[in-house]
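In: I need the structure of the sequence given here:
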Amino acid sequence: MVTNLFVSRVGIARYIYLVLGVILVSWSWIPALRFVSPQLSSLPSFVHSRVHWKEGDYSEVSCSTKNFTTLLSPSSTQLGIASEVYLISLPWRQDRRKQMGHLQASKEISWTVVDALDPSDITIGHIFEQIVSQRSLQPSKGPLDDLGSVFRWPADINAIASSTEYFGASGSDLWTSADTQNSRHTTLSSLSVSHHPNVTCAIQDNSVPPFNPSLPDWMILTAPKISCWYSHVSAIRQFINRVNTTPEDVAVFLEDDIDMERDIEIRMRHIWPSLPHGWDMVFLGHCWSNESFYSALPSPQVMPPLYDLPTRSHIHPSYSPRCTHAYALSLSGARRLLQHLRYPPFAYSRALDQAFSWLIESGRLRAFSVVPSVVIQRKVLSSDIFPGSGVGSAWREHLVNGVFGT
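Out: As a prediction, the model looks like this:
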């Protein structure tokens, strides 16, 4: 009897130890899973949860990484993903347009050329005056920004973004409506309009730092920066107000100093299904940011074996991308973005890429970045944004097999 009791107790003890062992092993797998699948923990909240838009009457938009329902328009033949491509270029930069003609022929791209606004145009001076006027508004009651004015994003941005109604002029669009009726040959030098050299670039929603001669160039608001903003807005509006648009339409916006991967179509078709439903913006190229900060989204497709791991393209939630030389917009994303860009307290308040970056960082846009970039700036011709500085900033990238060999 004593022997049987001892055996019984040993069996119970072994059972208890076995159960405890299973629990400990299971518990130890939790951090391991987090390490093997960092997407579960390191993605921004708008990817794997529900977005609470910072508006009075916000709506919630599901953006699950498991929802691989991104559809392409039947006309999405451009670069493997787009129904429309827009090339933004100053009319007098024939040196750049000639090179873009070579790129267009090589890739068989059918794009619409959008004439960028010349920085010396009278419109720039009028926009400067409106910016200065906005910044001199008297204090109001309510939560104040650094200017002593109430800043609150319009509450109907989501509703307008999801609709297909005609996108009429509003906000900062009205600042230049009269200018479009005038001759574009009228320049700032022929008017008594100053260049406002001491206007600084705003940060965050509407915080304007005081001018200081020691501020870096990227903190000074200049005519070329306003020209860039205006030109991109014009291109985005063309995409929005086309006839017979569909919710699946995608547009790619390019500047005229670029090179791209020869196999960009294959790369885009591979990574595009990774995008969650409800995406707004995808950067095909970027600068001055670590866009692999967040883990890559899982892809439901397998790349051909000829692509080595280091040369494959992946899509990541955007971190803080700069530069505007290549990005894609969904139709709803274009409508959402344009409402932010033309909101008077925010419009033309800084360089356009700074605006993009802040809207992403503050959760106003659902943006993603292709890493490594599939479109890069060549920087072999003089810069339009920083005239007199040579070919632009020091940021450099290289492609695996670019059309120009960049």
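
In: Where does the prediction get shaky in the stretch 201-350 of the chain?
Out: Residues of the stretch 201-350 of the chain meeting the criterion pLDDT under 70: 301-311.

In: now the helices for it?
Out: Applying DSSP state H, counting those that start in this stretch to the stretch 201-350 of the chain gives helices spanning 223-240, 264-271, 331-341.

In: got the buried residues for the second one?
Out: Of the residues in helix 264-271, those with enough neighbours to count as buried (16 or more other C-beta atoms under 10 Å) are 264-268, 270-271. C-beta here means a position set from N, CA and C on the backbone, and glycine is covered the same way.

In: List the residues that contact Ala347.
Out: Taking C-beta atoms under 8 Å, 6 or more residues apart in numbering as the contact definition, Ala347 lies against 131, 171-172, 175, 229, 341.

In: before we move on, the earlier item: figure out which of the helices of the stretch 201-350 of the chain is closest to Cys323.
Out: Using C-beta to C-beta as the criterion, the shortest distance between Cys323 and these is 10.7 Å, found for helix 223-240.

In: Put the alpha carbons of stretch 344-364 into PDB.
Out: In PDB, the C-alpha atoms belonging to stretch 344-364 read as follows (Å, rounded to 0.1, in the frame of the first residue of the first chain):
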ATOM      1  CA  PRO A 344      -5.700  78.600 -45.300                       C
ATOM      2  CA  PRO A 345      -3.800  78.400 -42.000                       C
ATOM      3  CA  PHE A 346      -1.800  75.500 -43.400                       C
ATOM      4  CA  ALA A 347      -1.500  76.300 -47.100                       C
ATOM      5  CA  TYR A 348       1.900  77.200 -48.400                       C
ATOM      6  CA  SER A 349       3.200  77.400 -44.900                       C
ATOM      7  CA  ARG A 350       6.400  75.500 -45.600                       C
ATOM      8  CA  ALA A 351       8.100  73.300 -48.200                       C
ATOM      9  CA  LEU A 352       5.700  70.800 -49.600                       C
ATOM     10  CA  ASP A 353       7.700  67.800 -48.500                       C
ATOM     11  CA  GLN A 354       7.700  69.200 -44.900                       C
ATOM     12  CA  ALA A 355       3.900  69.400 -45.200                       C
ATOM     13  CA  PHE A 356       3.700  65.800 -46.400                       C
ATOM     14  CA  SER A 357       6.000  64.600 -43.600                       C
ATOM     15  CA  TRP A 358       4.000  66.400 -40.800                       C
ATOM     16  CA  LEU A 359       0.600  65.200 -42.100                       C
ATOM     17  CA  ILE A 360       2.000  61.700 -42.000                       C
ATOM     18  CA  GLU A 361       3.600  62.000 -38.600                       C
ATOM     19  CA  SER A 362       0.500  63.500 -37.100                       C
ATOM     20  CA  GLY A 363      -1.800  60.800 -38.400                       C
ATOM     21  CA  ARG A 364      -3.600  62.900 -41.000                       C
END
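
In: hmm, back to that, what's the closest of the buried residues of helix 264-271 to Ala251?
Out: Using C-beta to C-beta, Met268 is the member of the buried residues of helix 264-271 that sits closest to Ala251, with 13.6 Å.

In: Quick check: that closest one touching Thr77?
Out: No: using C-beta atoms under 8 Å as the test, Met268 is too far from Thr77 to be in contact (11.6 Å).

In: how about the contacts of Ala347 in a markdown table, adding neighbour count?
Out: Formatted as a markdown table, these follow (neighbours: other C-beta atoms under 10 Å):
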| residue | neighbour count |
| --- | --- |
| Ile131 | 22 |
| Gly171 | 17 |
| Ser172 | 23 |
| Trp175 | 21 |
| Trp229 | 25 |
| Leu341 | 24 |
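
In: tell me which of these is nearest to His277?
Out: Relative to His277, the closest of the contacts of Ala347 is Leu341; by C-beta to C-beta it sits at 23.7 Å.

In: Grab the nearest non-local neighbour of that closest one.
Out: Across the structure, with C-beta to C-beta, 6 or more residues apart in numbering as the measure, the residue nearest Leu341 apart from its sequence neighbours is Val233 (5.7 Å).

In: From what I see, Ala251 and Tyr327 are in contact.
Out: No: assessed by C-beta under 8 Å, Ala251 is found out of contact with Tyr327, at 9.4 Å.

In: out of these two, which sits in the more crowded spot?
Out: Between Ala251 and Tyr327, counting by other C-beta atoms under 10 Å, Tyr327 is the more crowded of the two (28 against 25).

In: Could you give the bridge partners of that one?
Out: Beta bridges link Tyr327 to Phe253, Phe283, judged by DSSP bridges.

In: From Ile360, how far out is it?
Out: When C-beta to C-beta, to the nearest Å is the yardstick, Tyr327 and Ile360 sit 11 Å from each other.

In: list residues touching both of these two?
Out: Common neighbours of Tyr327 and Ile360 (C-beta under 8 Å, 6+ apart) are Met281.

In: can you tell me the distance between the two ends of stretch 299-315?
Out: Length of stretch 299-315, first residue to last, C-alpha to C-alpha, to the nearest Å: 9 Å.

In: ok so, going back, mind putting the buried residues of helix 264-271 in CSV, distance to Pro224 included?
Out: Supplementary listing: the buried residues of helix 264-271 in CSV, determined by distance: C-beta to C-beta, whole Å:
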residue, distance to Pro224
Ile264, 28
Glu265, 33
Ile266, 35
Arg267, 32
Met268, 30
His270, 36
Ile271, 33
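
In: and which of the residues you listed is nearest Ser110?
Out: Glu265 (13.6 Å).

In: Looks like the closest one contacts Ala82 (just checking).
Out: No: with contact defined as C-beta under 8 Å, Glu265 does not reach Ala82; the gap is 10.3 Å.

In: which stretches of the stretch 151-300 of the chain form strands?
Out: Secondary structure of the stretch 151-300 of the chain, counting by DSSP state E, counting those that start in this stretch: strands at 250-255, 258-260, 281-283.

In: wait, which of those strands is closest to Leu103?
Out: Nearest to Leu103, of all the strands of the stretch 151-300 of the chain, is strand 258-260, at 7.1 Å by C-beta to C-beta.

In: quick one: strands adjacent to that closest one?
Out: Strand 258-260 has the following strand partners under DSSP bridges: strand 375-377 (antiparallel).

In: Let me see the residues that make contact with the partner strand.
Out: The set of residues external to strand 375-377 that reach it, using C-beta under 8 Å, 6+ apart, is 254-255, 257-261, 264, 284-285, 287, 323, 325-326, 392, 395, 397-399, 402, 406.
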